[in-house]
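J.: Generate a structure from the sequence data that follows.
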Amino acid sequence: MSYKLARQSFAALRFVLLAAIAVTVIYPLLWVFLGSFKTEKEFFLNPWGIPSALHFEIYTNVIKQYRLDINIWNSFLIGLLSTIIITLVSALAAYGIIRMKWSGSKWMLGFFLLGIMIPVHSTLIPLYISLQGLREWIDPRLVLLIPYVAFGIPTSILILSGYVSTLSKEIEEAAVMDGSSLIGVFFRIILPVSVPALATVGILSFIHAWNELLYALVFLRDTAEQTIPVAILKFVGFYSTDWSNVFACISITIIPSVIIYVFLQEKIVQGVTSGAVKH
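T.: Numbers count the residues shown, from 1 in each chain. Below is the predicted model:
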């Protein structure tokens, strides 16, 4: 009886703890989303309550007045390009390190993983000094891809190398015996069966590029080049701030991330946990 009571008590405690965590995470998002439908007057009169009416015109006005469609396109373009590059390069590197065993393969994997230990923001000034000259030759949005890709590859290689190590070698060996090259094996066999891990890497890479602020703020000076997180700063005034517009812009920013996590969370978990093995 005491054992059953202990189990029920533990289950109740776990439920309360998880519910508290869920409320802590969900409530700020819900508050921002509901606040985006309030007028400025209603927001200050009732900041914590439910809006009396859904003012969708706030979204249309924000997008038209501040040309957020350009910023959204910039965020999407940078996110898409960085995701493609990170996914392809990391998959090739992980396959080469895990499957092509050579004397320095473990050292090479460790070298890549050292990148995870480097604080991203500590490299801001050196990277800016090194890359500012490129802004005169190529689109600054392409320059921004360099730090995004550089810091996205280590984590991606960690996920993909762990996943590739769990795959059976028999199919690859049979394909090689049939005359297929290593590149053919990679594109025809490894990539199709690595979809869960590739999806995880792609989702994490895109969301990081979509939400990143500091590097975008430093490298993208022209309004027509800026991403959506940088555009949010337009709404924060020195003396006053229209919080309805700010919340509308924030909602536009977080909606893609929320949708991706809600519908693809199983892929993310599957990709990460499948690679959690010892090499």
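J.: For residue 62, the count of nearby residues, please.
T.: If you count neighbours by other CB atoms under 10 Å, residue 62 ends up with 24. Yep, even glycine has a C-beta here, placed from its N, CA and C like the rest.
J.: looking at it, it is touching residue 249, isn't it?
T.: Yes. The criterion here is CB atoms under 8 Å, and residue 62 meets it with residue 249 at 6.0 Å.
J.: Tell me the pLDDT of residue 2.
T.: According to the model's per-residue confidence, residue 2 sits at a pLDDT of 68.
J.: anything in contact with each of residue 62 and residue 249?
T.: Taking CB atoms under 8 Å, 6 or more residues apart in numbering as the contact rule, residue 62 and residue 249 both touch residue 68.
J.: which SSE is the residue most central in space within the chain in?
T.: The C-alpha lying nearest the average C-alpha coordinate of the chain belongs to residue 207 (CA atoms, centre = their mean; 2.4 Å). Per DSSP states H and E: residue 207 is located in helix 195-211.
J.: contacting residues around that helix?
T.: 75-76, 78-80, 82-83, 86-87, 90-91, 148, 152, 155-156, 159-160, 162-164, 191, 227-229, 253, 256-257, 260, 264, 267-268, 270-272, 274-275.
J.: among those, which are in strands?
T.: Restricting the contacts of helix 195-211 to those inside strands, with DSSP state E as the criterion, leaves an empty set.
J.: Now, of those residues, which are buried?
T.: Neighbour counting with 16 or more other CB atoms under 10 Å marks 75-76, 78-79, 82-83, 86-87, 90-91, 148, 152, 155-156, 159-160, 162-164, 191, 227-229, 253, 256-257, 260, 264, 267-268, 270-272, 274-275 as buried within the contacts of helix 195-211.
J.: which residues of this structure score low on pLDDT?
T.: Confidence mapping of the chain against pLDDT under 70 gives the ranges 1-3, 237-240, 267-268, 270-279.
J.: from the chain's centre, how far out does the longest helix seen in it sit?
T.: Looking across the chain with DSSP state H, the single longest helix is helix 2-35. From the chain centre to the centre of helix 2-35 is a distance of 26 Å (CA atoms, centre = their mean, to the nearest Å).
J.: Of all the residues in it, which ones are buried?
T.: Of the residues in helix 2-35, those buried under the neighbour-count criterion (16+ other CB under 10 Å) are 32-35.
J.: any idea which of the residues you listed is the one closest to residue 175?
T.: Out of these, the one with the shortest distance to residue 175 is residue 33. That distance is 49.6 Å, counting by CB to CB.
J.: Pretty sure that closest one sits against residue 251.
T.: Yes. Contact between residue 33 and residue 251 holds when scored by CB under 8 Å: they sit 5.3 Å apart.
J.: intersection of neighbour lists for these two?
T.: Taking CB under 8 Å, 6+ apart as the contact rule, residue 33 and residue 251 have no neighbour in common.
J.: Tell me how many other residues surround residue 173.
T.: Burial of residue 173 is recorded as 11 neighbouring residues (other CB under 10 Å).
J.: chain center to the strand or helix carrying it, what's the gap?
T.: Remark: residue 173 resides in helix 170-177, with elements defined by DSSP H and E. Relative to the mean C-alpha coordinate of its chain, helix 170-177 is positioned 35 Å out (CA atoms, centre = their mean).
J.: Equivalent analysis for stretch 24-36, please.
T.: 20 Å.
J.: Contacts for that stretch next, please.
T.: Surrounding stretch 24-36, the residues in contact under the criterion CB under 8 Å, 6+ apart are 43, 47-48, 50-51, 58-59, 243-244, 247-248, 250-251, 254, 258.
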